[in-house]
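# Quick check, what structure comes out for this input:
(chains A and B)
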Amino acid sequence: MKRFYSFFAMQCVLASRSKIALFWSFVYPVAMLLLMLSVFGNMHKGGASDADPRLATLTGVLVLTIMSGGIFALVTVLASDLQSGVYKRLKITDLRPLHVIFALMLRQYAIIIIGAILVLLAAKLLFGVTPNGNIASTIFLTTIGSILFCSIGFIIVNVCARPPAATAIANMVFLVMLFLSGSTFPKTFFPAWLTNAAQILPASHLFDLLQGQLYYGESLLDNTKSLAILLAMCLVLLIAAIKTFKWK
Amino acid sequence: MKIISVTGLQKKYGNVQALKGISFEVGRGEIFAMLGPNGSGKTTTLEILLGLRRHDGGKVEHFDAKGQAGPMPRVGAVFQGRVYYESLTVSELIKYYGELYRAPPPDISRYLDMVNLKEKLDTQYGNLSGGQQQQIAIILALVNDPEVLFFDEPSNALDPQVRLKIWDLIRKLKSEGKTIIFTTHYIEEAEALADRVSILSKGELVITDSPGNIIKKYNENYTVEFSFEKDAGAGVFNRFSDVRFRDGIYSFSVDAIDGDLMQALTEISDKHKPSRISIGKSSLQSVFVKITEEKVA
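Got it, this is the predicted structure:
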């Protein structure tokens, strides 16, 4: 475990010194919240009449925060390190792939949690928006989402022959999930076929579950289908991330 | 006693055969150089020995101090490029990389003293000069007390003073019993440091021996070089064998400087008015050029 903790500590120090990482992890989500609450603040995304409509926007920004930390930030950092040869040097240490995968996931999880807290605080302090639901369930969904999107990030880096290609594909995957999951545009705007097609995206299920929590104040068990799909996707993608890991 | 044995090593990148079945052994405690031009297969060989690349044929064996075949020994390596996180300080790199090994890290402060970089402990790696980064990279290769050190072009693009410092550090490591394998395209580096040198050309290992023996084997006592302001063509030298042409200079080797040679050189000089003629003792450089350059006559 010493090797895991040292690698994790090293990664945390690196993240804390990266102005770009700090911007995309903390400033960008809060800025998006401000922008989206200003633009979409009064739209009834979920169609519920008695809930604060801004909670739907807050849910979307939380999903964006989790996806950004899991896919976009992870792939950007990993691709850059792979290109510079950092992992060639790390491979000849006694570090193992599982140490690398879980240390980076844990780092991204910590970043995502801090980013999510900043978003919730900004919503509360600047707009007086207080989410419904159970905090433990919200943390659970954030944890599952972080593992799932980090796994997607790892898979993209692992299967791409060249790091710049990984960054481009990560951008594409991120944007597709951002726009089709309901995080930015209400799904009610979509044609039926697109709504159905978007259900193959893990971000759609995460958004539905978080919206159930934060907007409708539901229990996790009120949406067991999405929960089961999300957990199954998380497990499959995590295994794929581990199996496809390459030091390059 | 050997520590690494390489037999018939082959590697292919797509349709390109990067290594064509090379074989050599490295002795415990020796400095072994792989010398060759760019694209000759040096770095590929080194990365295969480090376990960073798979090979397509042949085998790599490791031996313990009793000569028994066994697992890969503890290794350290210095790579080309930026392989360390640049926003970490030198002391953080030493601490974190030391902790990435199972065994507790040894005290490596004496090496920092040796290269006078102790005052840089709190400096971020990216803020060091290229020479300082390379010296720290060598020290970081020692955090697991390796038995074998691999250096890929250790003094590439460094100024002469830093290069000499790095050579001293490498000699110090050898004196401590470490085995050192390095690649280089600097002939003088191989000649100055290595106990034995392998010369690689286009994925083939041409010769492996001590620098002195390589020169003897190629029987190159003297090297004659000609350059012209207006190229006279290789035909000028048709009475000599194995004439090479590189960077505007024709060169060939002779066993001795005698009357016949001087007569021939005078005739060429009178007829073609070369801008420069030199006759010098052969070195590993002339052998290297002979082996790796295309013949023109």
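# Strands of the stretch 1-150 of chain B, start to end?
Counting by DSSP state E, counting those that start in this stretch, the stretch 1-150 of chain B forms strands over residues B:2-13, B:16-27, B:31-35, B:57-63, B:69-70, B:75-78, B:148-152, given from the N-terminal end onward.
# Identify whichever of those strands lies nearest to chain A.
When the strands of the stretch 1-150 of chain B are compared for distance to chain A using Cβ to the nearest Cβ, the nearest one is strand B:75-78, at 5.7 Å. Every residue, glycine included, has its C-beta placed from N, CA and C.
# That closest one pairs with which strands, and in what direction?
Applying DSSP bridges, strand B:75-78 is found paired with strand B:148-152 (parallel).
# related to what we said a few turns ago, so which of the strands of the stretch 1-150 of chain B is the most surrounded?
Between the strands of the stretch 1-150 of chain B, strand B:31-35 has the highest mean count of neighbours, a mean of 27, where neighbours are mean count of other Cβ atoms under 10 Å in any protein chain shown.
# and that one, which strands flank it?
Paired neighbours of strand B:31-35 in the sheet (DSSP bridges): strand B:179-184 (parallel), strand B:196-201 (parallel).
# Quick one: distance of the last one to the chain centre.
When you say that, I think you mean strand B:196-201. 8 Å (Cα atoms, centre = their mean, to the nearest Å).
# Can you give me the buried ones in that strand?
B:196-201 (16 or more other Cβ atoms under 10 Å in any protein chain shown).
# Any idea which of these the model trusts least?
Taking the buried residues of strand B:196-201 together, the minimum pLDDT is found at B:Ser201 (87).
# Quick check: closest non-adjacent residue to it.
Beyond its immediate neighbours in the sequence, the residue positioned closest to B:Ser201 (Cβ to Cβ, 6 or more residues apart in numbering or on different chains) is B:Thr292, lying 4.7 Å away.
# List the contacts of residue 229.
All of this is about chain A. Contacts of A:Ile229 were listed using Cβ atoms under 8 Å, 6 or more residues apart in numbering or on different chains, and they are A:His205.
# I was after chain B.
With contacts taken as Cβ under 8 Å, 6+ apart, B:Glu229 has the following neighbours: B:Ser275.
# how close does it get to B:Phe252?
Taking Cβ to Cβ, to the nearest Å as the measure, B:Glu229 falls 20 Å from B:Phe252.
# ok, now A:Cys160?
With the distance defined as Cβ to Cβ, A:Cys160 ends up 51 Å from B:Phe252.
# and if you look at B:Val26?
B:Val26 sits 33 Å away from B:Phe252, taking Cβ to Cβ as the criterion.
# For the stretch 151-297 of chain B, just list every one of the strands.
Secondary structure of the stretch 151-297 of chain B (DSSP E, counting those that start in this stretch): strands located at B:179-184, B:196-201, B:204-209, B:222-227, B:244-246, B:249-254, B:276-281.
# Could you pull out the strands in chain A for me?
Here chain A has no strands by DSSP state E.
# which helix is the longest one in chain A?
As far as residue count goes, and with DSSP state H defining each element, the longest helix of chain A is helix A:97-127.
# picking that back up, for the residue nearest to B:Ser201, list the residues it contacts.
Residues counted as contacts of B:Thr292 (Cβ under 8 Å, 6+ apart) are B:36-37, B:40, B:199, B:201, B:206.
# Which residue, neighbours along the chain excluded, lies closest to A:Ile66?
Leaving aside its sequence neighbours, A:Ile66 sits nearest to A:Gly145 (Cβ to Cβ, 6+ apart; 4.2 Å).
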